[in-house]
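**Q** Attaching a predicted model along with its sequence, questions to come.
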Amino acid sequence: MSRERKAYPKEFKLMSVELSNSRNDLTALAKELDIKVSLLYRWRKEFSDKQSTSFPGNGKVILTETEQKLARLEKERRETQMERDILKKAISIFSRNDSKYSGS
């Protein structure tokens, strides 16, 4: 019973944000536009944070060069931590097995 997500064009989002900046009652504006108030607030926040790169379409976020580098480094850090955790487990497994082996 999942509902289909509505897709709003970039122009509609920009117009909604502009209208929301000029109006006081955002609940009434959201009803006029037939959207949820929370969606209107989210669009306003995204537009204020990213201005020209906001609303790229299809949920694809456009990152600046610095944000791309940060995302790449975060990914490398997570992978390194995962590798470290796997090696720790392997060491503990092998060290337990070594103590049981008499060597004769």
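**A** It's in. Quantities reported herein were computed from a predicted structural model and do not represent experimental measurements.
**Q** contacts and neighbour counts: CA atoms only from here.
**A** Noted.
**Q** check which helix or strand covers R5.
**A** R5 is located outside every helix and strand, with elements delineated by DSSP states H and E.
**Q** count of neighbours near it?
**A** Neighbours of R5 under the rule other C-alpha atoms under 10 Å: 6.
**Q** For it, give me phi and psi.
**A** According to degrees, to the nearest 10, the main-chain angles of R5 amount to phi -80, psi 140.
**Q** Next one: K88 from Y41, what distance?
**A** To Y41, K88 is 45 Å away according to C-alpha to C-alpha, to the nearest Å.
**Q** more neighbours, the two?
**A** For K88 versus Y41, the count of surrounding residues by other C-alpha under 10 Å is larger for Y41: 15 against 11.
**Q** which element is the more buried one on?
**A** Remark: Y41 resides in helix 37-50, with elements defined by DSSP H and E.
**Q** Tell me the helices and strands packed up against that helix.
**A** For helix 37-50, the elements it packs on are helix 10-22, helix 26-33, judged by 3 or more C-alpha pairs under 8 Å, 6 or more residues apart in numbering; DSSP states H and E.
**Q** What are the buried residues along it?
**A** When burial is assessed from 16 or more other C-alpha atoms under 10 Å, helix 37-50 yields the following buried residues: V37, L40, W43, R44, F47.
**Q** Check these against E18 and report the nearest one.
**A** Distances from E18 to those, taken as C-alpha to C-alpha, are shortest for R44 (8.7 Å).
**Q** Correct me if wrong: that closest one contacts V17.
**A** Yes. Using C-alpha atoms under 8 Å as the test, R44 is close enough to V17 to be in contact (5.6 Å).
**Q** pull the longest helix from this structure.
**A** Of all the segments assigned as helix in the chain under DSSP state H, the longest by residue count is helix 65-100.
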